Every structure is written in C-alpha cells, then in structure tokens.
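A.B. asks: Here is my input, please return the structure:
(one chain, ligands or ions: 1)
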Amino acid sequence: MSSEKPVILTCAQPSGQLTLGNYLGAIRNWTTLMDDYECFFGVVDMHAITTRYVPADLRANTLSCVALYMACGLDPHRSHIFVQSHIIGHTELAWVLSCLTPIGELQRMTQFKEKAAKLGFKVAEGDDEGVRFAHEGARAQATINSGLLMYPVLMAADILLYNAKAVPVGNDQRQHLELCRDLAQRFNQTYSDTFTIPEAYIPKSGARIMSLQNPLAKMSKSDENTQGTLFILDSPDVLKKKIMSAVTDSGSEVRNADDKPGVSNLLQILAAVTGDSIESLEASFEGKGYGAFKQAVADAVIAALEPVQTRYQALISDKAYLNDVLQKGADAAQKRAYKTLAKVYRKAGFVERPRS
Ligand code: AQP
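C.D. replies: So this is what the prediction gives:
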C-alpha cells in the first residue's frame, strides 16, 4: 500500500448491530475509496461505552462489525481495519485536546443535547454561554456521563491521530468535524504546525435511510423500537415482516414527496439497492398501491443482503482470520498513531521517555 496516497479515516461505533442505513449510507461508499486513499477503517468501541451498554454485547458487536466491514466489501489487503481500543493514542490525544476545549463548546453540540435529552435531561433554551441542563430527577443524573460530553473530543483525536486529510461524514457528524478542525487549528497555533486540517469527504451517492416506524428519524442501530431498523443480519423473514409493516402515508400513491416521508424512505431504499432512479421507480409502481410496492422493496433488500450475509457467516466463524486482519490493521494504525503522539507529546512539553 503506497504511503503517498492521502489518508482517509472513517469509523462506525459498535453500539449495536450494523444496519441497512450503515451499509447504504456509509460502508458501501467506503469500498470505492480504497484505490485513491490510504484507508483506515476503525471500529470505535470506546465511543460505544458513552451510553448504557452490556460488555458481552459490545465484544460481540465489535467482532461482528469487523466481519461485516469485510462482508460489505472492505478489503484488508487494500486498507487497514482496526479496533480503536487496540491502539494506544486515541485517549491520550483526546486528553491533550480536551485541555484546549472549553466545556461550553461541548455542551452546545447538537448530538450531545439530543442524547442528553433522550436520557431525561431538559435543555435550557437561550443560553449563549453553553447549555445548562435542568435535571429531571435522579435517574437522569445517574445515567448521563462526562464521556458523552467528551465524545466529540475523542472523535477529533481519532481523526487527528492519523493526520487524516479527508473524513467521510454524514450531516449529523458535521458539527463534530468542525470542532475537530477548530481543535487542530488551535493546537497548531498554540504549539506549532502539527496537524493536517481534515476536510469533510462528501460521497457522490449516499442515501440517508430513515426509521421504518418513524420516517422523520434516522434509522439507528440503538433505536429501542427495533421494528424501525433493518439490521444487515436480519433473516429474510424478519426483513420482510419489518418492511411490510413499515409506516406509510395516507393515500396509495407511490411518490417521493415531503408529505410522504414513509413512502419516500422506502423509495430511497429501493433505489439504493437496485440502482434504479426514484423517477423510474415511481413510474413502475403507478397505480399498484402500497402492498405490491412494499413486497418489491422487501424482495430487493433481501436479495441485496443475501450475499453479504453469506460472506459474513464464513468470516465470523473464522476467528483466526479475523485476528490476523485485526493484528495487521492494529500494527499499521499503531505505527502511524505513535508517530503523531510522539510529536504531540514533545510539543506539549512532556519529557521524552528514557530508552533502556
Ligand atoms: N440511517 C442512516 N442512513 C445513512 N447513513 C447512516 N449512518 C448511520 N446511520 C445511517 C452512517 O454510518 C456510519 C457509521 O455510523 P456510526 O455507527 O458511527 O454512528 P451513528 O451515525 O450514530 O449510527 P447509529 O446507527 O445511529 O448509531 P447509534 O444508534 O449508536 O447512535 C456514519 O458514516 C453514519 O453517518
């Protein structure tokens, strides 16, 4: 792999099983990057402990995510696939960056406010100094943790540790990337030029897949209502059931429109898995009603996921191969991470560790 290529870093957090949204909106696009970039594909398990989780599930989801990366087309011979907690440097750099980050900047992050609100914290409106939270009882105070607040700093460290030039991000992560750019600039100004300022990489095509039960919300792996989420590893029966009971809109016309978020989402999914345009799909389902349309979506999704599931089963049962991939990925990632960390520590004024 040539080290001349610009570095791209992109990750998913194993906070659950990967979804059709992760596949169509992210991983499938990442497979097109491997020739033009030196790609680091991370499984960011340390981010997954910012919300409540079960350790055994995290372990299983992390390995499952690695196998799914490859089943979806990421090639370990042309990229570096690694697990965040295997690499020394992410949390170390996050600490240094956190000392350059005012708390108010983190409290203003939309995703923090949303996740905190989900945990029962009420966000006080109109506070320019940063968000104050009106605690709603002991449960909320017990469940929110400072890791959730620090999440964007750790994400900045993930990116800067590899001196990534480009980072594919969805709209919901743009604010975090902005913070990362600010922190890189702040570090460079405070100490001296160290970090590449990363750019957002906008893929040519990238569907945003919404929940089947609430088409105004993103399809999420940690959604409590699993009926709204299509997991890549769902069986054909389950996929069919979820799609057939997807929320649709009034009327019976299969049309992509703002007042038809449920149908529009299914059209997006069908277009993404078949490669057909939305317009041609609208035309082919004219007068056919929702039943036939949903059936076609189910058939297409099942057919698209079938080869991924078959490859996954072979990969997940070959633990020796998975270990080998992770070891090679970790070696390459660690080499790059140590280089950056040594530079950062030197500039921050830490005394170099004596060598024996
Ligand atoms: N529904 C989606 N449509 C399109 N793209 C999506 N991505 C996630 N959901 C959709 C993209 O997948 C990549 C990896 O995402 P992530 O695992 O790091 O985190 P996330 O965006 O927070 O995904 P979830 O499923 O919503 O996780 P939870 O439930 O834990 O918060 C990213 O590029 C993301 O944009």
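
A.B. asks: could you pull out the helices for the stretch 1-150 of the chain?
C.D. replies: In the stretch 1-150 of the chain, helices defined by DSSP state H, counting those that start in this stretch lie at 20-22, 28-30, 55-71, 90-98, 103-107, 110-118, 137-143, 146-161, listed in chain order.

A.B. asks: So for stretch 103-113, what gets flagged as buried?
C.D. replies: For stretch 103-113, the neighbour count (16 or more other C-beta atoms under 10 Å) marks 106-109, 112 as buried. In this view, the C-beta of every residue, glycine as well, is placed from N, C-alpha and C.

A.B. asks: The closest residue to residue 92 other than its chain neighbours sits in which helix or strand?
C.D. replies: Spatial nearest neighbour of residue 92, chain neighbours left out: residue 341 (5.9 Å); criterion: C-beta to C-beta, 6 or more residues apart in numbering. Taking DSSP states H and E as the definition, residue 341 sits inside helix 319-348.

A.B. asks: Quick one: distance of that helix to the chain centre.
C.D. replies: Once both centres are worked out by C-alpha atoms, centre = their mean, to the nearest Å, helix 319-348 turns out to sit 20 Å from its chain's centre.

A.B. asks: Stretch 43-58 now?
C.D. replies: Distance, stretch centre to chain centre, for stretch 43-58: 13 Å (C-alpha atoms, centre = their mean).

A.B. asks: can you pull the buried residues of that stretch?
C.D. replies: In stretch 43-58, counting by 16+ other C-beta under 10 Å, buried: 43-51, 53, 58.

A.B. asks: Thought residue 274 was touching residue 300, still the case?
C.D. replies: Yes. Counting by C-beta atoms under 8 Å, residue 274 is a contact partner of residue 300 at 5.4 Å.

A.B. asks: those helices in the stretch 151-300 of the chain, which residues are they?
C.D. replies: Under DSSP H, counting those that start in this stretch, the stretch 151-300 of the chain gives helices at 174-190, 236-244, 261-274, 278-284, 289-316.

A.B. asks: Just say which of these is most tucked in.
C.D. replies: Highest mean neighbour count among the helices of the stretch 151-300 of the chain (mean count of other C-beta atoms under 10 Å): helix 261-274, with a mean of 22.

A.B. asks: So what pairs up with the nearest residue to residue 329 once chain neighbours are set aside in the strands?
C.D. replies: Of all residues not flanking residue 329 in the chain, residue 82 sits nearest, at 3.7 Å (C-beta to C-beta, 6+ apart). As for beta bridges, residue 82 partners with residue 42 under DSSP bridges.

A.B. asks: Make residue 1 into 58 and carry on from there
C.D. replies: Okay, using 58 as the starting number, the last item reads as residue 139.

A.B. asks: Now do residue 139 against the ligand, distance only.
C.D. replies: 15 Å (C-beta to the nearest ligand atom, to the nearest Å).

A.B. asks: Residue 102 is in contact with that residue, correct?
C.D. replies: No. Between residue 139 and residue 102 there is no contact under C-beta under 8 Å: 10.6 Å.

A.B. asks: re the thing from before, I'd like the helices of the stretch 208-357 of the chain laid out as JSON lines, including mean pLDDT and distance to residue 129.
C.D. replies: Converted to JSON lines, the helices of the stretch 208-357 of the chain look like this (pLDDT from 0 to 100; distance: least, C-beta to C-beta, whole Å):
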{"stretch": "helix 231-247", "mean pLDDT": "96", "distance to residue 129": "23"}
{"stretch": "helix 293-301", "mean pLDDT": "98", "distance to residue 129": "16"}
{"stretch": "helix 318-331", "mean pLDDT": "96", "distance to residue 129": "13"}
{"stretch": "helix 335-341", "mean pLDDT": "96", "distance to residue 129": "23"}
{"stretch": "helix 346-373", "mean pLDDT": "97", "distance to residue 129": "6"}
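
A.B. asks: and the ones you listed as CSV, adding distance to the ligand?
C.D. replies: What follows is the helices of the stretch 208-357 of the chain, written out as CSV (distance: least, C-beta to the nearest ligand atom, whole Å):
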stretch, distance to the ligand
helix 231-247, 10
helix 293-301, 14
helix 318-331, 9
helix 335-341, 16
helix 346-373, 14
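
A.B. asks: Neighbours of residue 147, how many?
C.D. replies: Look at residue 147: counted by other C-beta atoms under 10 Å, it has 23 neighbours.

A.B. asks: Kindly report the same for the one 5 residues further on.
C.D. replies: Neighbours of residue 152 under the rule other C-beta under 10 Å: 13.
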